[in-house]
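Undergrad: model the structure of this input:
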Amino acid sequence: MKMPAIKHYRAFQIGPDGHVSGSINLVCGDDEEARREAAALVLIHRIELWRLDKRIAQFEPVPEATHQAATGH
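TA: Numbers count the residues shown, from 1 in each chain. Okay, the predicted model is just below:
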């Protein structure tokens, strides 16, 4: 029986200055699963999902969430 393939991804948190402020390693079965996992990480900063040297996707925060986080309302 063939083992399911697993792929390694990194989700980078991009700060307001455009620099990486953190990253999370993801292990997923395919790009779609990795996209779902990375999209769930978006809070107040942009998330970029990468596999090796290829950017898979980019996720922007919802403007209302950014405003609420900044103002506490």
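Undergrad: least confident secondary structure element in the protein?
TA: helix 63-71 (a mean of 55; mean pLDDT, DSSP states H and E).
Undergrad: checking the residue nearest in space to the middle of the chain next. Helix, strand or coil?
TA: Taking C-alpha atoms, centre = their mean, the centroid of the chain lies closest to residue 38, which sits 3.4 Å from it. Under the three-state scheme (DSSP: H, G, I helix; E, B strand; the rest coil), residue 38 adopts helix.
Undergrad: low-confidence bits of this structure, can you list those?
TA: 3, 64-73 (pLDDT under 70).
Undergrad: where do the helices sit along it?
TA: Listed in chain order, the helices of the chain (DSSP state H) span 31-39, 63-71.
Undergrad: just checking, what packs against the first one?
TA: Helix 31-39 makes packing contacts with strand 7-14, strand 20-28, strand 46-51, strand 54-59 when contacts are defined by 3 or more C-beta pairs under 8 Å, 6 or more residues apart in numbering; DSSP states H and E. C-beta here means a position set from N, CA and C on the backbone, and glycine is covered the same way.
Undergrad: partner strands of the first one and their direction?
TA: Within its sheet, and counting by DSSP bridges, strand 7-14 is paired with strand 20-28 (antiparallel), strand 46-51 (antiparallel).
Undergrad: what angle separates the shortest one from strand 54-59?
TA: When you say that, I think you mean strand 46-51. Strand 46-51 runs at 150 degrees relative to strand 54-59, counting by axes from the mean of the first three to the mean of the last three C-alpha atoms, to 10 degrees.
Undergrad: skipping its backbone neighbours, what lies nearest residue 31 in space?
TA: residue 56 (5.5 Å; C-beta to C-beta, 6 or more residues apart in numbering).
Undergrad: same check on residue 50?
TA: residue 10 (5.1 Å).
Undergrad: report the separation between the nearest residue to residue 8 once chain neighbours are set aside and residue 19.
TA: Once flanking residues are discounted, residue 8 sits nearest to residue 27: 5.8 Å by C-beta to C-beta, 6+ apart. Per C-beta to C-beta, to the nearest Å, residue 27 is found 25 Å from residue 19.
Undergrad: same question, residue 59
TA: 17 Å.
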